[in-house]
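Visitor: Predicted structure and sequence below. I'll ask about it afterward.
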Amino acid sequence: MATEQARMALHTDVAERRAAVRFPIEQEVRYKVFNRNTIEVGSGRTVNMSSNGVLFTTERTLSTGERVELSVNWPAHLDNRCALKLVTSGRVVRTDSTKAAIAIERYEFRTQGSHGLF
């Protein structure tokens, strides 16, 4: 009984995760990978985004489970004049040699000052 409930919960979780609409938003992205005592930075482009995650290109192969912060140029402007960036953090859930997908755990919009993405 408990095993069946766990299986159904897992199936429901996967179904819900994939139920979010993916938008083919292609924007410049800068990312930080947080390892034990280091922070590695890289850049790429978003491939698509949903309310649950971001698929983006990477400079190196990332590992599943790594903690990542992304900073994405946002295509809309605040009051039609102030550039915005979307800053998200999460863990890598899928990866290949040139792309990684993170599950969004936290996000916020920030104004993009003269310093660019970071």
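Guide: Looks like it came in fine. Residues are numbered from 1 along each chain as shown.
Visitor: Run a quick neighbour tally on Arg67.
Guide: Neighbour count for Arg67, taken as other Cβ atoms under 10 Å: 14. C-betas here are computed from N, CA, C, even on glycine.
Visitor: check contacts around it.
Guide: Going by Cβ atoms under 8 Å, 6 or more residues apart in numbering, Arg67 touches 33-34, 89-91.
Visitor: what's the answer for Asn48, then?
Guide: Asn48 touches 22-25, 54-55, counting by Cβ under 8 Å, 6+ apart.
Visitor: likewise Arg94?
Guide: Contact analysis of Arg94 by Cβ under 8 Å, 6+ apart lists 55, 64, 100-101.
Visitor: can you do 10 Å?
Guide: Neighbour list for Arg94: 53, 55, 62, 64, 100-103 [criterion: Cβ atoms under 10 Å, 6 or more residues apart in numbering].
Visitor: residue contacts, Glu26?
Guide: 45-49, 56-57, 75.
Visitor: I'd like the residues you listed as a markdown table, with secondary structure appended.
Guide: Output for those, formatted as a markdown table (DSSP: H, G, I helix; E, B strand; the rest coil):
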| residue | secondary structure |
| --- | --- |
| Arg45 | strand |
| Thr46 | strand |
| Val47 | strand |
| Asn48 | strand |
| Met49 | strand |
| Phe56 | strand |
| Thr57 | strand |
| Pro75 | strand |
